[in-house]
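[1] got a predicted structure plus its sequence, pasted below:
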Amino acid sequence: MTDHPYTDTDLRAEAARQHAVLTEDPDFVGVGEQMEDRHIQSTVIDEDPDFAPEGATWAGSLDPEGDGTDAYAEAQRKIHGLIQGAADVSEWAVNLGAAGLTRTVSMGWYVTGSSWDLAVQIAHLPQIKPEVRDEIESAVRRAVERVFAEHGVKPRGLDTTA
């Protein structure tokens, strides 16, 4: 018997619940505050961790103080919506973190339209050698593509960006 009225499973369940709530109803003002001084990813020139990144910031490019264009608020609304519409993988994410696993780059297959019809995320122990991880990812890709081929599904491309 422990000194606490809860188990490790209880802690994980509560963490997953809170994680899900944070994404179901993110604080709109907080979204704007968090993006303000962050760099717009597509403008970053150098991501060397020893140096500050160079590139445009959301606030510097879109003027959150109100230049009349409302471009900052529009970007903020779109980011807020993306957070709200995100798939709930809270329990999965909490359990992976508790197990000490790290994620790989996600693999997504485009089949119709501009959205993923299938996405796979692999998580692994950090000490797994990169060549082993790469071989596992390659095997997953081949397996998915084989199943698509067997069922006549013709993916238009493979996106390996996160």
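    It's in.

[2] and the helices in the protein?
    All helices of the chain, identified by DSSP state H, fall at 8-24, 28-35, 58-62, 71-84, 90-98, 130-150.

[3] where in this protein is pLDDT low?
    The model of the chain has pLDDT under 70 over residues 1-2, 47-52, 64-69, 110-115, 155-162.

[4] that older thread, looking at the helices of the chain, spot the one closest to residue 118.
    Ranking those by proximity to residue 118 (C-beta to C-beta) places helix 130-150 first, at 6.7 Å. All C-beta spots, glycine's among them, are computed from the backbone N, C-alpha and C.

[5] list the buried residues of the closest one.
    For helix 130-150, a neighbour-count test (16 or more other C-beta atoms under 10 Å) marks 137, 144, 148 as buried.

[6] could you do stretch 90-99 as well?
    Under the neighbour-count criterion of 16+ other C-beta under 10 Å, stretch 90-99 has 90, 93, 94, 95, 96 buried.

[7] which residues does the third one contact?
    The neighbours of residue 94, taking C-beta atoms under 8 Å, 6 or more residues apart in numbering as the test, are 12, 15, 16, 19.

[8] buried subset of the residues you listed, written for PyMOL?
    Selecting only the buried entries of the contacts of residue 94 in PyMOL, with 16+ other C-beta under 10 Å as the criterion:
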select buried, resi 15+16+19
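
[9] distance of residue 146 from residue 140?
    11 Å (C-beta to C-beta, to the nearest Å).

[10] got it, and residue 35?
    In terms of C-beta to C-beta, residue 35 sits 33 Å off from residue 140.

[11] try residue 97
    21 Å.

[12] tell me the phi and psi of residue 122?
    When read as degrees, to the nearest 10, the backbone of residue 122 gives phi -110, psi 140.

[13] contacting residues around the closest residue in space to it that isn't next to it in sequence?
    Excluding the flanking residues, the one nearest residue 122 by C-beta to C-beta, 6 or more residues apart in numbering is residue 104, at 4.6 Å. The contact partners of residue 104, by C-beta under 8 Å, 6+ apart, come to 121, 122, 123, 124, 133, 137.
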